[in-house]
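S.K.: Would you be able to build a 3D model of this:
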Amino acid sequence: MRPSSATTLTVGSALFLLAGLLPGEASCLRTVANKTPHTVLVSQDGGPAFTVRAHASRRLRYDRSGEIAVSVVCRAGGRFAAPQPPAFTARYAVVAVRDRCWVDIDGGGTAPLALNAPRQGDIVVARYGLACP
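M.R.: Have a look, this model is predicted:
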């Protein structure tokens, strides 16, 4: 005997509601803002880094919990100057559960970064605390 469409709809609705109650993959779109004249490099879970140029911002998607690495490379003297080593590098855990995502600072200092501001999961790179010449 084939189930009626009402039975199928009821089972489908129950599965949908149950899926909403269980922890699942997250999906949070956040921002990395660079408020400095320097270059910021951001990498998620050891993947390739993306660049956030001076006085610009980029969007960042957290799909699951993991790790984020942020580096600040000081602006070099000229167009053909040799690349500089990062003046600041840090790694932080990212917690992403359903529609809630944040960078876990674990009570430590974060300068020159402002983490989870203005929204949970956002990263702002400022000039304070940077050791750039």
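S.K.: middle-most residue in the chain, spatially?
M.R.: With distances taken as Cα atoms, centre = their mean, Leu60 lies nearest the centre of the chain, 5.1 Å away.
S.K.: Can I get the helix or strand harbouring it in PDB, CA atoms only?
M.R.: Assigned by DSSP states H and E, Leu60 belongs to strand 56-62. Extracted as PDB, the C-alpha positions of strand 56-62 are listed here (Å, rounded to 0.1, in the frame of the first residue of the first chain):
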ATOM      1  CA  ALA A  56      39.200  47.700   3.300                       C
ATOM      2  CA  SER A  57      37.100  44.800   4.400                       C
ATOM      3  CA  ARG A  58      36.200  41.300   3.200                       C
ATOM      4  CA  ARG A  59      33.400  38.900   4.000                       C
ATOM      5  CA  LEU A  60      34.200  35.700   5.800                       C
ATOM      6  CA  ARG A  61      31.900  32.600   6.100                       C
ATOM      7  CA  TYR A  62      32.000  30.300   9.100                       C
END
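S.K.: ok, and what's touching it?
M.R.: With Cβ atoms under 8 Å, 6 or more residues apart in numbering as the test, strand 56-62 has contacts from 26-34, 42, 44, 50, 52, 94, 96, 101, 121, 123. Glycine gets a C-beta too; all of them are placed from N, C-alpha and C.
S.K.: Could you do stretch 117-131 as well?
M.R.: Against stretch 117-131 from outside (Cβ under 8 Å, 6+ apart): 28, 30-36, 38, 40, 42, 52, 60, 62, 68, 70, 72, 74, 87-88, 94, 100-103, 111-116.
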